[in-house]
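Student: Sequence first, predicted coordinates after that:
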Amino acid sequence: VSEDELDPVIHAPARLRLMVTLATLRQGDNLSFTRLQDMIGLTPGNLITHLRKLDDAGYVQMEKASNGGTPVTAVSLTRDGRIALERYRAALRKLLDTPDMARPQ
Amino acid sequence: MSETAGMRNGMDMGADDDSGLDARSAAAIMRDAGRLAKSELTVNSPLLFLSWGLVYLLGYGAVWLGVRGQHPYQAPAGWSLGVIAGLVLIASIVTASVLDRATAGVGGESSRRRRIAFMSMAIGWIAVIALAIGLKSAGVSASTVGVIGASGPILVAGLVFAGTGLTWKQWPDFGLGAWLIALTVGGAFAGAAGAWGIDAVAAGVGYLAAGAITGWLARS
């Protein structure tokens, strides 16, 4: 197993944080764009760029919703996104368990 | 300005961080992001159970202290109802604060479920108060009205917890609901003054136990 085998869509710091954060929500829940931005600490521009990459891969869903008359963008992890994150987690664990990686540096 | 307006300008400035992530760093990011998200987005249920458990232990306990010497039973002392009202107010503030922290910006199924549970509880409690007032004005004995006043709100809470717990497979909630329903029935056999005392201890301990179990499950 090598790092090349890790899903390149997820294997980037910001997108990894996004995926893990959204995976904390229960299935069927979503998080507003602004709360997500507060938690991840990205500028709106950077956040939307990463979300679009995840959206293009089918890992997240972005919906326009209304909260008391105020328009909000709600972001959620798709079923494919959850599966992809689990696969990524398993591949990462396998990679870290290889003798080279397990050796303290 | 809408929340996504003008984002195109920011897209070219350091948005692409695809390079230079090794496996150990990725694992650290997953661990840290998971911890942060869990602490930010998880409702502190043990604190909620604790605050409402104290309402029963101290509030119902105060009423019991006021009525235990009444022969025959008349009504809770005004000061003890004030204690309950104060504790309910504090627990409501704690609940609102805990939920606001964890659920700000969170929408979807959980949000709908929570609204249904709160509305059911509120409607049930208002109905119990109206029922007690109606029975009193119809000339029903103070003792009977006392049992309804003590046990009615707990029965409502029990039904809501049991129903939502069973529907959404939240077993500590279901267990608490079943316990509250059982103690409502049992408490009624102790008469009005006894019901306040039994409900104070049994409901209070039930809430504290549910809080402890929920906290333990969250850590494990």
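Tutor: Structure received.
Student: which residue ranges form the strands in chain B?
Tutor: Assigned by DSSP state E, chain B shows strands spanning B:106-108.
Student: Am I right that A:Pro71 is in a strand?
Tutor: Yes - applying DSSP: H, G, I helix; E, B strand; the rest coil, one finds A:Pro71 inside a strand.
Student: which residues does it bridge with?
Tutor: A:Ser66 (DSSP bridges).
Student: where's it relative to A:Glu63, distance?
Tutor: 11 Å (Cβ to Cβ, to the nearest Å). (Glycine included, C-beta is placed from N, CA and C.)
Student: cool, and B:Arg115?
Tutor: To A:Glu63, B:Arg115 is 19 Å away according to Cβ to Cβ.
Student: B:Tyr73 now?
Tutor: In terms of Cβ to Cβ, B:Tyr73 sits 57 Å off from A:Glu63.
Student: Looking at these two, which is more packed in?
Tutor: The residue with more neighbours, out of B:Tyr73 and A:Glu63, is B:Tyr73; 21 against 12, by other Cβ atoms under 10 Å in any protein chain shown.
Student: and residue 22, what pLDDT?
Tutor: Just going to use chain A. Looking at A:Leu22, its pLDDT is 97.
Student: look at chain B instead
Tutor: pLDDT at B:Asp22 comes out at 87.
Student: Tell me if I'm right that it and A:His11 touch.
Tutor: No - counting by Cβ atoms under 8 Å, B:Asp22 sits too far from A:His11 to count as a contact (10.1 Å).
Student: what touches both of the two?
Tutor: Common contacts of B:Asp22 and A:His11 (Cβ atoms under 8 Å, 6 or more residues apart in numbering or on different chains): A:Glu3.
Student: So for the two, which residue has more residues nearby?
Tutor: A:His11 (19 against 11).
Student: Skipping its backbone neighbours, what lies nearest that one in space?
Tutor: In space, and not counting its chain neighbours, A:His11 is closest to B:Leu21: 6.0 Å by Cβ to Cβ, 6 or more residues apart in numbering or on different chains.
Student: low pLDDT regions in chain B?
Tutor: B:1-20 (pLDDT under 70).
Student: Kindly recompute the last result at 50.
Tutor: Along chain B, the model assigns pLDDT under 50 to residues B:1-14.
Student: For the residue nearest the centre of chain A, pull up the helix or strand it's in.
Tutor: The residue lying closest to the centre of chain A (Cα atoms, centre = their mean) is A:Met19, at 1.7 Å. Element membership of A:Met19, judged by DSSP states H and E, is helix A:13-24.
Student: Name every strand pairing with the helix or strand following that helix and say which way it goes.
Tutor: Sequence order places strand A:29-32 as the next helix or strand after helix A:13-24, per DSSP H and E. Using DSSP bridges, the strands paired with strand A:29-32 in its sheet are strand A:70-77 (antiparallel), strand B:106-108 (antiparallel).
Student: can I get these in TSV with mean neighbour count?
Tutor: Converted to TSV, those look like this (neighbours: other Cβ atoms under 10 Å in any protein chain shown):
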stretch	mean neighbour count
strand A:70-77	19
strand B:106-108	20
